[in-house]
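Novice: Give me a model of this one.
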Amino acid sequence: MGTIAAVAFAVMTGQSAEVAMGVGLPIAVLMQMLIIGFFAITSFTMGKADEYAEQANPNGLDFLLISTISLRGLLYAVVAFITVYFGEHAADWINNNSPKVLLEGLGLGARLVPAIGFAMLLKIMWSKQVAGVFFIGFVATTYLKLPIMAVAIIGGSIAVLYFYFSGNSNNNQSQAQEFEDGI
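Specialist: As a prediction, the model looks like this:
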């Protein structure tokens, strides 16, 4: 939903993608809160679904599934409509009345989002065993100008080679010998 708002804002006002993303992020957060509220409200259907399952009532289960999915789709449609319909006037008002420094700050914040995501990923995955791999990948993309896909393919190939040549594949070989005779 934030993407819809960001694209609509960028197209209607002619702002840069960074500024549009900065405007779209609050819409995305709002939509996330609405979805969490929707799930909380519709959580009562879980007990009813269990009841229908115990009764072997597929029609009841179908009704619950279709109705909750339809309500969720309606929620998305209403928010998208409001965002785009009122977006032009709201976007013009924001564009004309917001200080330039605020719009630039939103753009800067939007450019920081990938770095924050990468930092969160590193915080979860960081260990002494993988530190060297991260730095090799960083050097390959930054200084050697390799595309990320090429670095991923090279990394995957090295991981497979390491697995086979480090002795980890012994279990697979012994199992293959046990079933050598076939069916």
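Novice: what packs against the helix or strand harbouring V139?
Specialist: Here V139 sits within helix 128-142, counting by DSSP states H and E. Packing partners of helix 128-142 (3 or more C-beta pairs under 8 Å, 6 or more residues apart in numbering; DSSP states H and E): helix 148-165. C-betas here are computed from N, CA, C, even on glycine.
Novice: elements contacting the helix it packs on?
Specialist: By 3+ C-beta pairs under 8 Å, 6+ apart, helix 148-165 packs against helix 128-142.
Novice: Run the angle between the helix it packs on and helix 148-165 for me.
Specialist: Calculated by axes from the mean of the first three to the mean of the last three C-alpha atoms, to 10 degrees, helix 128-142 forms an angle of 140 degrees with helix 148-165.
Novice: Got the domain ranges for this structure?
Specialist: Recorded structural domains for the chain (assignment: automatic domain parsing) are 2-117, 127-183.
Novice: among those, which is the most enclosed?
Specialist: domain 2-117 (a mean of 15; mean count of other C-beta atoms under 10 Å).
Novice: if I pick A53, what's in contact with it?
Specialist: With contacts defined as C-beta atoms under 8 Å, 6 or more residues apart in numbering, A53 is in contact with L61.
Novice: now the chain, which segments are flagged as low pLDDT?
Specialist: Along the chain, the parts satisfying pLDDT under 70 run over 87-92, 94-95, 106, 110, 168-183.
Novice: Any chance you could spot the residue sitting in the middle of it?
Specialist: By C-alpha atoms, centre = their mean, the chain has its centre lying nearest to G117, at 10.4 Å.
Novice: circling back to that earlier point, may I have the helix holding V139 as CSV, with CA atoms only?
Specialist: This file holds the C-alpha atoms of helix 128-142, laid out as CSV (Å, rounded to 0.1, in the frame of the first residue of the first chain):
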residue,chain,number,x,y,z
LYS,A,128,33.1,-15.3,13.5
GLN,A,129,32.5,-18.1,11.0
VAL,A,130,30.8,-15.9,8.4
ALA,A,131,32.6,-12.6,8.9
GLY,A,132,35.1,-13.3,6.2
VAL,A,133,32.4,-14.3,3.7
PHE,A,134,30.6,-10.9,4.3
PHE,A,135,33.8,-9.0,3.7
ILE,A,136,34.7,-11.0,0.6
GLY,A,137,31.2,-10.3,-0.8
PHE,A,138,31.5,-6.6,0.1
VAL,A,139,34.9,-6.3,-1.7
ALA,A,140,33.6,-8.2,-4.7
THR,A,141,30.6,-5.9,-5.2
THR,A,142,32.2,-2.6,-4.2
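Novice: what sits up against that helix?
Specialist: Contacts of helix 128-142 (C-beta under 8 Å, 6+ apart): L122, W126, L146, P147, I148, A150, V151, I154, G155.
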